[in-house]
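Chemist: Next one to model:
(one chain, ligands or ions: 1)
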Amino acid sequence: MSTLAEKIQDVFNEPACGINQEKSEKARKKGCTKPLQPGGAAGGCAFDGAKIALQPITDVAHLVHGPIACEGHSWDNRNSGSSGSKLYRTSFTTDMGEQDVIFGGEKRLWRAIREIVEKYNPPAIFVYQTCVPAMTGDHIEVVCKKAAEKFGTPCIPVNVPGFVGAKTLGNKLAGEALLDYVIGTQEPEYTTPYDLNIIGEYNVAGELWQVKPLLDELGVRILACISGDSKYKEVASSHRAKAAMMVCSRAMINVARKMEERYGIPFFEGSFYGISDMSDSLRNIARLLVERGAPDDLIARTEAVIEREEKKAWAGIAAYRERLQGKKVLLITGGVKSWSVVAALQEGGMEIAGTSVKKSTAEDKERIKEIMGEDAHMIDDMKPRDMYKMLKDARADIMLSGGRSQFVALKAKMPWLDINQERHYAYAGYDGMVALVREIDKALSNPVWAQVRTPAPWDEVSWEERADKAIAEEAAALAANDVDAAPQDAVAVEAWTSRVCNCKEVDEAAIEEAIRAHKLLRVDDVRAHTKAGTGCGSCVPHIAAILQRINGVKVPAFEQTLVKEPGDDLSTIRAA
Ligand code: SF4
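Modeler: Below is the predicted model of the structure:
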């Protein structure tokens with residue numbers, strides 16, 4: 001069994017990853033993601049990535065070994081649908097406390113596994129390692145092995161402490177856990193020449209169900225979807241598929257490539273977003289299955305389905321054309337979505353004011369140019385301030401983005417539509433594109449915008465004008481102060497400007513100033529004075545480190561546990 005460090009090196013060396021292969025030997029060794037400070041990932045850590053990738057396996061228990069905050073960050077953070085068991089949405093955590101940090105948490109983990117087996121009897125338990133037990137040296141592999149032997153339930157160790165890297169690394173390590181402990185451990189009841197694996201599809205908002213009816217019509221059986229709406233047995237017996245589709249190349253390319261290597265299952269990379277991509281994906285599925293022995297009439301049947309569905313989808317989109325003609329869309333997303341929905345929006349008569357390419361590959365950028373021309377407005381990294389200005393100045397009529405940017409649009413009193421992982425509408429396949437255009441139309445035509453844009457009759461000066469004025473005055477005052485107070489050398493300037501709490505936007509300088517001015521000794525006092533650490537709480541260990549540095553006194557471990565509000569009783573909240 002390889003160590004975690006070897007495993008990470010192995011996934012960094014992924015031969016099927018184009019980005020990785022373009023790198024030098026030295027750059028490849030360094031990897032694609034930086035190790036993070038334990039606890040400092042604010043929900044974007046490797047553990048979080050692994051949980052996202054595996055939680056859609058619906059009938060197993062997902063047990064998080066660590067402090068309760070890790071599970072709090074990651075529970076059900078993708079709206080993945082299930083057609084059967086709901087166990088995957090039940091939150092299980094060992095909720096480690098300071099006693100476990102001192103004496104070790106393995107016994108606690110053992111008891112948690114036993115309790116899950118006794119109460120729920122799932123087909124398997126996935127056990128996730130997090131930062132704290134990884135640092136105190138809990139061996140989840142050993143506990144899982146012994147528990148599986150004792151209770152007769154497979155216990156799958158997913159060794160992904162958050163500090164090893166970012167979400168994408170966690171996706172890949174989750175895939176490694178499936179390859180090491182799950183895939184190939186069971187046999188399907190029967191096989192057919194039409195058995196297909198779909199890898200990297202999470203059934204967000206039920207998107208798999210927009211594609212499945214077409215596959216059903218063609219007689220193609222999804223042997224396993226890894227991992228949307230899947231069951232443990234399906235994943236365990238997925239090694240008998242005839243072909244595979246890799247949906248999002250960044251997430252689980254290692255699973256697709258290694259399954260090809262180990263079990264001879266060929267795969268292609270495709271997308272269900274956008275009409276032409278959906279058609280290409282269906283064609284590739286049919287081609288690969290025929291190459292692996294399916295009757296070749298599948299190709300003609302697939303073409304017939306594509307022709308019918310494309311016609312229906314374009315007609316569905318055209319119905320909105322009159323109302324949407326000339327509307328400008330700002331697209332803040334990433335990867336394939338940065339270009340694959342563009343054709344559908346253009347068909348609906350809309351113009352693309354800009355599309356973000358922060359998380360896009362070189363191929364994604366090329367596709368954007370193909371569809372939108374050389375003058376395509378590609379945005380590398382747009383600050384909320386610039387998004388706001390663009391919307392406020394009516395250079396875009398609607399923003400399509402993830403939930404984090406929604407308040408920018410709402411503040412600018414402009415419509416917004418969620419197209420990222422928390423979305424509640426499904427936008428995959430042909431029906432999905434029509435649904436996307438329909439939702440845009442609904443958002444744009446909502447009469448609420450006319451109302452919120454009308455100034456209140458009793459206000460001579462609107463609250464926005466007052467707020468804008470106050471912000472401008474504050475910014476000017478800060479700029480003036482900064483010039484006087486900011487240190488001059490580069491190292492000190494960096495320290496001065498470094499952000500500790502992203503949620504409440506509190507910098508290290510402000511925390512230091514509060515500690516010195518008020519002679520603060522406790523994390524809770526810093527939180528009360530500065531509001532730092534009162535959001536997601538992931539910066540609490542950082543605040544403790546600053547306290548320790550300034551006061552020269554060690555901050556007790558219990559002080560570093562996430563709490564909700566300054567002054568809340570620590571033990572009460574942990575027990576809740
Ligand atoms: S403590 Fe570690 S594993 Fe838990 S959420 Fe934070 S970075 Fe991720």
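Chemist: Just the closest residue of this protein to the ligand, please.
Modeler: When scored by CB to the nearest ligand atom, the chain has G162 as its residue closest to the ligand, at 2.5 Å. Every residue, glycine included, has its C-beta placed from N, CA and C.
Chemist: since we're on that residue, how many residues are nearby?
Modeler: 35 (other CB atoms under 10 Å).
Chemist: Any chance of the backbone angles for it?
Modeler: With angles defined as degrees, to the nearest 10, G162 sits at phi -60, psi -30.
Chemist: On the pLDDT front, check the closest residue to it other than its chain neighbours for me.
Modeler: In space, G162 comes closest to C45 once its chain neighbours are excluded; the distance is 2.9 Å by CB to CB, 6 or more residues apart in numbering. C45 carries a pLDDT value of 90.
Chemist: ok, C45 - contacts?
Modeler: Each residue near C45 by CB atoms under 8 Å, 6 or more residues apart in numbering is listed here: L36, C131, G162, F163, G165, A166, K167, G170.
Chemist: Would you reformat the residues you listed as TSV and include secondary structure?
Modeler: Listed next are the contacts of C45 as TSV, based on DSSP: H, G, I helix; E, B strand; the rest coil:
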residue	secondary structure
L36	coil
C131	helix
G162	helix
F163	helix
G165	coil
A166	strand
K167	helix
G170	helix
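Chemist: Flag every residue of the stretch 51-200 of the chain that's near the ligand.
Modeler: Listed as neighbours of the ligand in the stretch 51-200 of the chain under the rule CB under 6 Å from any ligand atom: G66, C70, H73, T130, C131, P161, G162, F163.
Chemist: Now that the last one has come up, it's in contact with V132, right?
Modeler: No: the pair F163 / V132 is not scored as a contact, 10.1 Å apart, by CB atoms under 8 Å.
Chemist: Which residues does stretch 399-419 contact?
Modeler: For stretch 399-419, contacts defined as CB under 8 Å, 6+ apart pick out 329-333, 337, 341, 384, 387-388, 391-392, 396-398, 420-422, 424, 427, 436, 439-440, 443-444, 446, 449, 452-453.
Chemist: returning to that earlier point: of the contacts of C45, select the buried ones using a ChimeraX command.
Modeler: This is the ChimeraX syntax for the buried subset of the contacts of C45, where burial follows 16 or more other CB atoms under 10 Å:
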select :36,131,162,163,165,166,167,170
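Chemist: Including distance to K242 and pLDDT, could the contacts of C45 go into a markdown table?
Modeler: Below are the contacts of C45 laid out as a markdown table (distance: CB to CB, whole Å; pLDDT from 0 to 100):
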| residue | distance to K242 | pLDDT |
| --- | --- | --- |
| L36 | 40 | 60 |
| C131 | 41 | 94 |
| G162 | 37 | 93 |
| F163 | 40 | 91 |
| G165 | 34 | 89 |
| A166 | 34 | 86 |
| K167 | 31 | 86 |
| G170 | 29 | 93 |
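Chemist: Tell me which two in the contacts of C45 are the farthest apart.
Modeler: Within the contacts of C45, C131 and K167 form the most distant pair, 14.6 Å apart (CB to CB).
Chemist: Now tell me what touches the helix or strand containing R308 from outside.
Modeler: Element membership for R308, per DSSP states H and E: helix 297-318. Identification of contacts with helix 297-318 by CB under 8 Å, 6+ apart yields 194, 214, 217-220, 275, 278-279, 282-283, 285-287, 289-290, 344, 347-348, 430-431, 433-434, 437.
Chemist: and it, which residues are buried?
Modeler: Applying a neighbour-count criterion of 16+ other CB under 10 Å, one finds L298, T302, V305, I306, E309, A313, W314, G316, I317 buried in helix 297-318.
Chemist: helices or strands next to the helix or strand following that helix in the packing?
Modeler: For helix 297-318, the following helix or strand on the C-terminal side (DSSP H and E) is helix 321-324. Applying 3 or more CB pairs under 8 Å, 6 or more residues apart in numbering; DSSP states H and E, one finds that helix 321-324 contacts helix 429-445.
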